[in-house]
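Asks: Based on what follows, work out the 3D shape:
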Amino acid sequence: MVCLLVSVTVLHLVSLAMLFIATLEKSWWVWTETEITDLWHNCFYMNSTQTWVCAAATESDWLQSVQALMILSVVFSSVSLLVFLGQLIFLSRGRLFYFTGLCQAFAGFTDFAACLIFTFHRKEILSNSRDPSNGRFGFCVILAWLCVPLLLISGVLYVHLRKKSKTH
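Replies: Numbering: from 1, shown residues only. Next up is the predicted model:
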């Protein structure tokens, strides 16, 4: 039981860290090695100063949807972790972690929706930049897609996890 509890907690922390990175890092769409776009900025690498120069991304309804869904996913997963830690202390014996699992599953569904929207509407999201056929998905999109099954699996594990003994 302790091994399962530790495993679920580690899985939750890893998926939450991956969500933070996917939401905040600068690589959702890669045009060239010196030009990238994320959910918030369009960035160029300046060789002369050896720094990234970023400007705010042009807003579109699809981009705002992806931004909102990714933020919701991080919020749901964070709330789920805090509720889980609280339930470890205050939940009575034999009870299940339904609310924690539900929050984690919602995090997975909102992440899934954000990934789907970005994948299928990238032309509309990136339309003001350049032709999307000249670029490729960055590692943040891949991280976001990898988070979907991790979040859903941990949500299911939380629902089936039962508090066996009191923690001190």
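
Asks: Sort out which residues of the lengthiest helix in the chain are buried, please.
Replies: Assignment by DSSP state H gives helix 61-90 as the longest helix of the chain. Burial within helix 61-90, assessed by neighbour count using 16 or more other C-beta atoms under 10 Å, is assigned to 62-63, 65-67, 69-70, 72-74, 76-77, 79-81, 83-84, 87. For the C-beta atoms, the positions are set from N, CA and C on the backbone; glycine is no exception.

Asks: Buried residues of stretch 14-24, list them for me.
Replies: Buried residues in stretch 14-24, counted by 16+ other C-beta under 10 Å: S15, L16, M18, L19, A22, T23.

Asks: now swap in stretch 147-166 and tell me
Replies: Quick answer for stretch 147-166 (16+ other C-beta under 10 Å): 147-148, 150-155, 157-159, 161, 163.

Asks: For those, work out which two are farthest apart.
Replies: Longest distance between any two of these is 27.2 Å, between V148 and K163; criterion C-beta to C-beta.

Asks: which element is Y45 on?
Replies: strand 41-46 (DSSP states H and E).

Asks: List the contacts of W145.
Replies: W145 is in contact with C115, counting by C-beta atoms under 8 Å, 6 or more residues apart in numbering.
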